[in-house]
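A.B. asks: structure, please.
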Amino acid sequence: MVGNGNGSTWECVVLDLNTQRDFCDPKGARPVRNVCQLTGTLPRLVEWTTRQRVPIISSMDSHRRNEIHRGISQEHCIDGTPGQLKLSYTVLATAVAVEGDNTLSVPLDLFGMHQQVIFRKRTPDLFGNPKADRFLTQLAVNEFVVCGVGLEYSVRTMALGLLGRGRKVTVVYDACGYWTAPDADLALRQLRAKGADIVSIDQLVRRTPKIPRCYHDLLDTPKNGTDGSNGEAGSWLLNGRNGKSTR
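C.D. replies: Residues are numbered from 1 along each chain as shown. Take a look at the predicted model:
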């Protein structure tokens, strides 16, 4: 496996799935049932990652107009719309957006200069993005901490995919959005049976992961702009913060 550029293995990396306005805002196109709960837990999780310098891999649901998926009639997370944007506090100052082009070409040392890497996702499974698949598969990390939307679909699929690859997976259940409570409960029971740890946000934020010292140094080094880049993110990431885009 490939590390972060200096031979180190991350103790944990957070997987933040689809924390976007259409899902996580009561006025969004398809808000989750427990949206009020998420407004309390997600900020705490993001604050923990910032304080502890834990790297984040984020996905953004991305659809074209008139695209129907899994029989869902409501259009949501349409390219270029406000509802597609991530919640502002879930985009860190050093975020980098990886543009998709159906190739495996992606820098594997992105965490050397960025705390957050963001991938576009057009299917429920983030592994359907070839670049995300390669980055996740080759990243040297002891544990993936999963949160986001939706527990019945994307979270469940992501966690099962990682478990199938022999990775340790922890799901922060109250930092996951869902539309149907029975299906969400079934997903959690299945993940627990497959070997995932299921924890609360209170349990997570008490942890103090060990982070490589060089990573702290990189993030503490003054850079050009708020994110260490001279460019801006792709239009699918813009939400009031500057960011960098890479292919």
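A.B. asks: what mean pLDDT does the longest helix along the chain have?
C.D. replies: With secondary structure taken from DSSP state H, the chain has its longest helix at helix 35-52. Average pLDDT, helix 35-52: 94.
A.B. asks: oh, and call the first residue 142 from now on, that's how I've got it
C.D. replies: Taking 142 as the first residue, the last one we looked at is helix 176-193.
A.B. asks: in it, what's buried?
C.D. replies: Buried residues in helix 176-193, counting neighbours by 16 or more other C-beta atoms under 10 Å, are found at 176, 178, 179, 182, 183, 186, 187, 189, 190, 191, 193. Where C-beta positions appear, they are placed from N, C-alpha and C, glycine not excepted.
A.B. asks: same check on stretch 257-275?
C.D. replies: Under 16+ other C-beta under 10 Å, the buried positions of stretch 257-275 are 257-268, 270, 272-275.
A.B. asks: and stretch 329-345, by the same measure?
C.D. replies: Applying 16+ other C-beta under 10 Å to stretch 329-345 flags 329, 332, 337, 339, 340, 342, 345 as buried.
A.B. asks: just stretch 246-258 next, same as before
C.D. replies: 247, 248, 249, 251, 252, 254, 255, 256, 257, 258.
A.B. asks: for the chain, give me the ranges with low pLDDT.
C.D. replies: Within the chain, the segments meeting pLDDT under 70 span 142-149, 204-214, 241, 243-244, 353-388.
A.B. asks: same for the longest helix of the chain, what does it pack against?
C.D. replies: helix 162-165, strand 309-318, helix 342-346 (3 or more C-beta pairs under 8 Å, 6 or more residues apart in numbering; DSSP states H and E).
A.B. asks: for residue 152, which of those is the nearest?
C.D. replies: Smallest distance to residue 152 across those (C-beta to C-beta): 10.4 Å, for strand 309-318.
A.B. asks: contacts for that closest one, please.
C.D. replies: 153, 164-165, 173-176, 178-179, 182-183, 185-186, 283-292, 296, 300, 303-304, 325, 329, 332, 336-342, 345 (C-beta atoms under 8 Å, 6 or more residues apart in numbering).
A.B. asks: bridged to residue 227, which residues?
C.D. replies: Applying DSSP bridges to residue 227 yields these beta-bridge partners: residue 161.
A.B. asks: does it really touch residue 201, like I thought?
C.D. replies: Yes - between residue 227 and residue 201 a contact is recorded at 6.3 Å, counting by C-beta atoms under 8 Å.
A.B. asks: helices of the protein, start to end?
C.D. replies: 162-165, 176-193, 271-279, 297-305, 322-335, 342-346, 354-361.
A.B. asks: make a markdown table from those and add distance to residue 231 to it.
C.D. replies: Listed next are the helices of the chain as a markdown table, based on distance: least, C-beta to C-beta, whole Å:
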| stretch | distance to residue 231 |
| --- | --- |
| helix 162-165 | 9 |
| helix 176-193 | 6 |
| helix 271-279 | 17 |
| helix 297-305 | 16 |
| helix 322-335 | 20 |
| helix 342-346 | 14 |
| helix 354-361 | 17 |
